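> Fold the following for me, if possible:
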Amino acid sequence: MKHGKKHRESAKNIDRTKQYDTKEALGLAVTNAKAKFDETVEVHIRLGVDSRHADQQVRGAVVLPNGTGKNVRVLVFCKEEKMDAAKAAGADYVGGEDIAERIQKENWMDFDVVIASPDMMGLVGRLGKILGPRGLMPNPKAGTVSPDVAKAVSEAKAGKIEYRLDKTNIIHCPIGKVSFGPDKLDENLDTLLSAVVKAKPAAAKGAYFKSCVIATTMGVGIPVSTIKYGV
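Okay, here's the model as predicted:
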């Protein structure tokens, strides 16, 4: 893959053989962000587990203290008696059968997070083939299946993110925008990494954190040291 001039210039400032302290790495990421838009900062964590085994799955959700910098559009499936509370908490769309039908017939997907009360999962389950591949299916572990839909909406709007392993045992998560600056990004990164540590499966053997890399949307990957987390 051929990279542009700005990418090559940024790469010169990064020692790929070194594992940077988180704050230093984020400082480099912010300094080297050259795009004309506010780039997202992402972290990619390779774990020493095997996602093919059910007892080695790593999945959960965490509210980033400084949010993600993204305006999250929230869709809520709930019964009529909870709709007003969901709207008051900031839900962008609230409904039931009508919304499900719109998704199925019109392929309507103008939302980023789907929240459902447990008594609506029979209906939402019918959308599994549409929502599942996009990572939008509500899940109790992520806090998106909840009897308290208003609280779930508030958390989603406040910057709650879901983390989960992909097929190559890597977690990919946004931790904010370049405009946040290194300090706020570091707080978000620490919150995420601490949550991933707590989610370590009992069946995991050997080194848990294999590698950790941060990068902006258009930037170079920067290796990060996770030694302070002791795993």
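
> residue ranges for the helices of this structure, please.
Secondary structure of the chain, counting by DSSP state H: helices at 5-12, 22-31, 80-88, 97-106, 121-124, 128-131, 149-158, 181-198.

> Can you give me the buried ones in the longest one?
When you say that, I think you mean helix 181-198. 182, 184-193, 195-196 (16 or more other C-beta atoms under 10 Å). Heads up, the C-betas are built off the backbone N, CA and C, glycines and all.

> same question, the fifth one
Neighbour-count burial for helix 121-124, with 16+ other C-beta under 10 Å as criterion, is recorded at V124.

> so for that helix, what's the average pLDDT?
For helix 121-124, the mean pLDDT works out to 96.

> Contacts made by that helix with the rest, please.
With contact meaning C-beta atoms under 8 Å, 6 or more residues apart in numbering, helix 121-124 is reached by F77, G96, E97, A100, V114, A116, L131, M137, P138, V145.

> among the helices of the chain, which is nearest R59?
Taking C-beta to C-beta, helix 181-198 is the member of these nearest to R59, at 10.0 Å.

> CA atoms only for that closest one - export them in PDB, please.
Listed next in PDB are the C-alpha coordinates belonging to helix 181-198 (Å, rounded to 0.1, in the frame of the first residue of the first chain):
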ATOM      1  CA  GLY A 181      -5.500  16.800  23.500                       C
ATOM      2  CA  PRO A 182      -3.200  14.200  25.100                       C
ATOM      3  CA  ASP A 183      -4.400  14.500  28.700                       C
ATOM      4  CA  LYS A 184      -8.100  13.800  28.000                       C
ATOM      5  CA  LEU A 185      -7.200  11.100  25.500                       C
ATOM      6  CA  ASP A 186      -5.000   9.500  28.100                       C
ATOM      7  CA  GLU A 187      -7.800   9.500  30.600                       C
ATOM      8  CA  ASN A 188     -10.100   7.800  28.100                       C
ATOM      9  CA  LEU A 189      -7.400   5.200  27.100                       C
ATOM     10  CA  ASP A 190      -6.600   4.400  30.700                       C
ATOM     11  CA  THR A 191     -10.400   3.800  31.400                       C
ATOM     12  CA  LEU A 192     -10.700   1.500  28.400                       C
ATOM     13  CA  LEU A 193      -7.500  -0.500  29.200                       C
ATOM     14  CA  SER A 194      -8.400  -0.900  32.800                       C
ATOM     15  CA  ALA A 195     -11.900  -2.200  31.800                       C
ATOM     16  CA  VAL A 196     -10.200  -4.700  29.400                       C
ATOM     17  CA  VAL A 197      -7.900  -5.900  32.200                       C
ATOM     18  CA  LYS A 198     -11.000  -6.500  34.500                       C
END
